[in-house]
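S.K.: only geometry, no sequence info:
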Ligand code: TRP
Ligand code: ZN
C-alpha cells in the first residue's frame with residue numbers, strides 16, 4: 001500500500017505564507033498561473049533549511065526569489081524545493097495546468113463550458129505549488145483574465161476590487177479576500193452565468209449582497225436556495241450570535257461535482273443537485289436537502305473557515321460541528337423549537353441515516369474514530385463517521401450542558417480561536433471550561449471506533465416502590481479495526497423516562513434526591529456498568545430508553561411485543577414512539593429473514609399489523625410522522641443485523657411483511673390515500689410534504705397487493721395530473737413495483753413520458769436512471785440487464801458523477817437483492833465500473849469500491865465471489881484512493 005499518514009506525526013510547518021497573489025490566464029487547454037507569495041520561517045517550528053512546496057500535475061515555467069531567478073529553486077516530481085531558503089522572501093512561481101483534460105474534478109477544471117475549482121482537501125496543489133495544508137493561512141488576492149465572450153463572469157473569494165477590458169477580446173477581474181484562509185478554501189469560477197440577487201441587512205445593520213449563480217436556463221430554480229440562504233443567515237445570528245463577515249456572499253451551481261457542496265470563503269460551490277429546485281423538478285426530499293446543505297455550507301463560514309482545522313485528522317472539528325448546526329437549523333425550520341413532533345421527524349431521519357451509513361462503516365474494515373489516527377488518502381475519510389457520528393458527539397455536549405451551556409462553550413471557542421487552525425481537543429476544552437466540567441473521559445468519543453452498545457436490565461421492587469435500572473456498556477462484537485482503538489468506558493449521556501400503566505410519564509426521583517423533578521432525565525453513564533435507582537415509583541413502569549437518541553449507541557433491552565406496541569402508542573418522546581415501532585418491525589423481519597435463509601415457510605405474528613393499523617389510523621399524529629413510522633427498516637439494515645448477511649433472505653422477508661401489511665390494511669391504505677390527497681396548487685411547506693409522503697406510502701403498499709388494480713388506477717391518475725415531481729415519481733415507482741409483481745407493463749408509458757418530458761433537465765433524468773436501477777427485478781428480467789442496457793443510453797455519461805451515481809451507485813448500493821445476485825453478475829459489473837472510474841475520477845471510484853467492504857459478513861457463496869471481485873480490482877487499480885479501500889477490505 002502507498003504511504004500511510006499518521007496523526008502522531010504532525011509537525012508544525014517550517015515556513016509560513018502570509019500573502020498570496022494569484023494571476024490566472026484562463027484557457028481551457030492550458031491555463032497559466034502566476035503565484036507570488038510572501039514566505040517566512042515559522043518561529044514556532046523547528047529549523048529546516050529547505051522550503052518544500054507540493055505541486056501535482058503541473059507544468060513548471062519559471063520561478064524567482066525577490067524578483068530574481070535563482071539556482072536554489074528546483075521543480076521536481078511532486079513539488080518544488082527552495083534550497084537554503086532565506087528567513088523571509090518573496091517567491092514567484094509561474095506554471096500551467098490543463099483544466100479541460102482534468103476529469104478528477106479536483107483542482108481547476110471545466111464543467112459545462114465553465115471553469116471552476118475544488119480544492120478541499122488537497123486540490124490546490126493541482127493549481128499551483130504551495131504549502132497545501134490547513135495550518136498555513138494566508139490572505140489571497142486573485143486576478144482572473146479570460147475571453148470576454150466565453151467567460152463574461154469572473155468570480156473568486158472576497159470582494160471585487162477592480163475589473164476592466166484587455167486587448168484581444170479578453171477582460172479581467174481582481175478579487176481580494178480580507179480574511180486569512182488555508183488554501184483548501186480558495187475558489188474561482190469563470191464562465192457564462194447569471195445570478196439571482198438579494199440584498200439583506202444583518203443584525204449589526206450592514207447591507208449584504210447575496211447571489212446564486214447558475215446557467216441561464218436554471219435561473220427559475222434558484223428561489224428556494226436563496227430563501228434557504230437568507231434563513232440560514234438569520235438563524236446563525238439568532239441561535240449563535242454569528243454574523244456574516246463579508247459584504248458579498250456567493251453560491252455557484254456546477255453540474256460536475258464530486259460531492260454535495262463546498263464552503264469556499266464567500267464563494268460556495270454547489271453540485272446542481274444540491275441547489276436547483278422547483279416543484280416540477282425537485283422532490284420534497286430534494287427541497288429539504290437543499291435547505292440543509294445551503295445552511296451547512298453557510299455555517300462553515302464560522303465553523304471551518306474563521307476557525308479551521310490544524311490538520312486533516314481534525315476534519316470532524318468542522319464537519320461534525322457543522323452537520324450538527326445544519327441539523328438544528330433544519331429542525332427549527334421544519335416546525336420550530338416549540339413543535340416537538342416536527343422536530344422529532346427531522347431527528348428520526350438523521351438517526352436513520354446514521355444507522356444506515358455509519359453503523360455499517362463501524363462494523364467493517366474502514367472503521368475509524370471520529371478523529372482518525374491514520375489515512376492513506378484523505379478523500380476516503382470524508383465519511384459517515386467523521387460527519388454523522390461527529391455530529392452526534394457535538395450533540396452530546398448540548399445534551400449534557402443544555403442549549404445555554406452549549407452556547408457558552410461555542411462563545412468561548414470563538415473567543416479563543418477565531419483566526420486559528422485548531423484541534424478537536426481545543427473544542428472539547430472550550431466546552432469543558434465554559435461549563436466548569438472535566439471532560440477528559442469524553443475524549444474517548446474521538447479516539448475509539450465502533451458502535452457502543454448499552455445493555456439495560458431493570459428491577460421493580462413493589463414493596464419498596466423502587467425501580468433499579470442497570471446500564472452496562474461495551475462494543476458488542478466490534479470489528480478488529482474498531483477493537484484496536486478501544487481503551488475504556490465512554491461518558492454516555494443516557495436519557496430516560498418511565499412510562500406508567502396509563503401511558504403517562506411518571507415524575508422522576510433518583511435515590512438521594514429531595515423531591516421528584518421532571519419526567520425525562522439524562523443519566524451519565526461513565527463506568528462499564530452502573531446502577532441508577534428511582535424511588536417513589538408507585539407501579540411497575542415501562543422504561544423509555546435513550547430518548548431522542550441521546551447517544552450514538554445501540555440499546556439492548558428485552559421488551560415484549562405488547563410493551564413495544566404500548567410505547568408506540570403512548571411514549572411522550574416522539575423519537576421513542578417511532579423507535580418502538582422500528583424495534584417491533586426489526587424483530588419480526590429478522591425472524592422472517594432467518595426463516596427464508598433456512599428455507600422454511602414464513603410465519604408472522606399479528607403484532608406488527610396491529611401496531612401499523614393503530615399508527616395509520618391515529619389522526620392525532622402528523623402525516624410525516626406516520627409516514628416514517630410505517631416505513632420498514634431497509635433490506636441493507638436488516639442484512640447487516642443478520643448473523644450472516646443474506647440479501648435474498650432480507651428481501652424475501654421484507655416483501656412478505658409488506659404484502660401482509662398491504663393485504664391486512666388494504667381499506668386503511670385506501671382511506672389514507674384519499675384523505676391525504678393534496679389537490680390545488682403545489683405548496684412547499686413541511687405539512688404539505690407530510691401529506692404527500694403519507695399518500696406515497698399508501699400507494700406503495702397498495703402496489704404490493706397480488707391484485708394491484710387499485711394501485712394501478714390511482715397511480716395512473718396521479719401520474720397524469722401531477723403538478724410536482726414528488727407525486728409524479730411516487731406514481732411511477734408504484735406502477736413499476738406493481739408491474740414487477742404482476743409482470744404487466746403499465747409502467748412503460750409513464751416511464752417513457754417521464755424521459756420525454758424532462759429530456760433537457762439532467763437532474764430529473766438522473767432520477768429516471770435511478771428509478772430503473774433500484775427497481776424490483778423479475779426472474780425473466782434481472783435488473784443488471786436493465787442497467788447494462790442503460791449504460792449504452794445516449795444520455796449516460798460515466799464522467800459526470802451525478803449520472804454515474806444515479807445509475808451505477810444506485811444499483812450497487814441501493815438494490816441489494818439484485819446487486820447480490822447469486823450468479824455474481826453484480827460483482828462483475830462492480831469490478832468493471834470501479835476500474836473504469838479509477839482511470840477517470842479516483843475519488844468517485846473509491847466511493848463505489850466501498851460497496852463491497854462488508855464482504856466477509858455475507859453467506860459463503862456470495863463472499864467468495866465478492867473476494868474474487870475485490871482481488872481483481874486490487875490487481876488493476878491505479879489510484880491511491882481505490883487501492884486503500886480494496887486493500888483494507890481484503891486484509892480484514
Ligand atoms: N467540505 C465539504 C462539505 O462538507 C465537502 C467536501 C470535501 C467536498 N471534499 C470535497 C466537496 C471535494 C466536493 C469535493 O461541505
Ligand atoms: Zn461540511
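M.R.: Nice, thanks for sending it over. Since the structure is predicted, the reported quantities are computational estimates derived from the model, not experimental observations. Ligands and ions are numbered 1, 2, ... in the order given.

S.K.: around ligand 1, which positions in this structure sit nearby?
M.R.: 118, 120-121, 258-259, 261-263, 296-297, 319, 382 (C-beta under 6 Å from any ligand atom). The way it works is simple: take the backbone N, C-alpha and C, and place the C-beta from them, glycine included.

S.K.: among the residues you listed, which are in helices?
M.R.: 296-297, 319 (DSSP state H).

S.K.: check those against ligand 2, which are close?
M.R.: residue 319 (C-beta under 5 Å from the ion).

S.K.: coming back round to it: buried among the residues of the chain next to ligand 1? Make that a ChimeraX selection.
M.R.: Buried members of the residues of the chain next to ligand 1 can be picked out in ChimeraX with the line below, counting by 16 or more other C-beta atoms under 10 Å:
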select :118,120,121,258,259,261,262,263,296,297,319,382
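
S.K.: so residue 174, which of the three states?
M.R.: Assigned with DSSP: H, G, I helix; E, B strand; the rest coil, residue 174 falls in the strand class.

S.K.: scratch that, residue 144 is what I was asking about
M.R.: Under three-state DSSP, residue 144 comes out as strand.

S.K.: let me know whether it touches residue 26 as I believe.
M.R.: Yes: when contacts are counted by C-beta atoms under 8 Å, residue 144 is listed as touching residue 26 (6.3 Å).

S.K.: intersection of neighbour lists for those two?
M.R.: residue 190 (C-beta atoms under 8 Å, 6 or more residues apart in numbering).

S.K.: what residues are up against the residue in the stretch 101-250 of the chain positioned nearest to ligand 1?
M.R.: The nearest approach of the stretch 101-250 of the chain to ligand 1 comes at residue 120, 4.1 Å away (C-beta to the nearest ligand atom). Residue 120 is in contact with 184-185, 262, counting by C-beta under 8 Å, 6+ apart.

S.K.: pLDDT value on it, please?
M.R.: On the pLDDT scale, residue 120 is placed at 99.

S.K.: can you list the buried residues in the lowest-mean-pLDDT helix or strand in the chain?
M.R.: Across the helices and strands of the chain, mean pLDDT, DSSP states H and E gives its lowest value to helix 480-483, namely a mean of 86. Neighbour-count burial for helix 480-483, counted by 16+ other C-beta under 10 Å, picks out 481-482.

S.K.: just stretch 7-16 next, same as before
M.R.: Here stretch 7-16 shows 7, 13-16 as buried, counting by 16+ other C-beta under 10 Å.

S.K.: next: stretch 30-48.
M.R.: Under the neighbour-count criterion of 16+ other C-beta under 10 Å, stretch 30-48 has 31-39, 41-42 buried.

S.K.: ends of it, what's the gap?
M.R.: Its first and final residues considered, stretch 30-48 spans 34 Å by C-alpha to C-alpha, to the nearest Å.

S.K.: same check on stretch 699-711?
M.R.: Using C-alpha to C-alpha, the end-to-end distance of stretch 699-711 comes to 6 Å.

S.K.: likewise stretch 105-123?
M.R.: End-to-end distance of stretch 105-123 (C-alpha to C-alpha): 9 Å.

S.K.: what about it, near ligand 2?
M.R.: No: between stretch 105-123 and ligand 2, judged by C-beta under 5 Å from the ion, nothing touches; the nearest distance is 8.8 Å.

S.K.: low-confidence ranges in this structure?
M.R.: Scanning the chain for pLDDT under 70 picks out 1, 336-338.

S.K.: so which bits of it are right by ligand 2?
M.R.: Contact residues (C-beta under 5 Å from the ion) of the chain with ligand 2: 319, 322.

S.K.: okay, now the domains of the chain?
M.R.: Domain assignment for the chain by automatic domain parsing gives 1-103+125-191, 193-302, 311-447, 453-558, 780-892.

S.K.: ok, which of those domains comes nearest residue 570?
M.R.: Residue 570 sits nearest to domain 453-558 of all these, at 3.3 Å, using C-beta to C-beta.

S.K.: sorry, back to before: packing partners of the least confident helix or strand of the chain?
M.R.: On a contact count with 3 or more C-beta pairs under 8 Å, 6 or more residues apart in numbering; DSSP states H and E, helix 480-483 meets no helix or strand.

S.K.: ok, now with 10 Å
M.R.: helix 359-362, helix 880-891 (3 or more C-beta pairs under 10 Å, 6 or more residues apart in numbering; DSSP states H and E).

S.K.: can you redo those helices as a markdown table with mean neighbour count and distance to residue 351?
M.R.: A markdown table is the format used below for those (neighbours: other C-beta atoms under 10 Å; distance: least, C-beta to C-beta, whole Å):
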| stretch | mean neighbour count | distance to residue 351 |
| --- | --- | --- |
| helix 359-362 | 22 | 10 |
| helix 880-891 | 21 | 26 |
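
S.K.: what about those, which gets the closest to residue 69?
M.R.: The nearest among those, by C-beta to C-beta, is helix 880-891 at 34.5 Å.

S.K.: so how far is that closest one from its chain's centroid?
M.R.: Remark: helix 880-891 is offset 22 Å from the chain centroid, using C-alpha atoms, centre = their mean, to the nearest Å.

S.K.: show me what that helix is packed against.
M.R.: With contacts taken as 3+ C-beta pairs under 10 Å, 6+ apart, helix 880-891 sits against helix 480-483, helix 825-838, helix 842-849, helix 860-876.

S.K.: helices along the stretch 551-700 of the chain, start to end?
M.R.: For the stretch 551-700 of the chain, applying DSSP state H, counting those that start in this stretch gives helices covering 561-570, 574-597, 607-617, 623-629, 635-641, 647-664, 666-675, 686-702.

S.K.: what's the closest of these to residue 224?
M.R.: Closest among these, using C-beta to C-beta: helix 686-702, at 12.8 Å.
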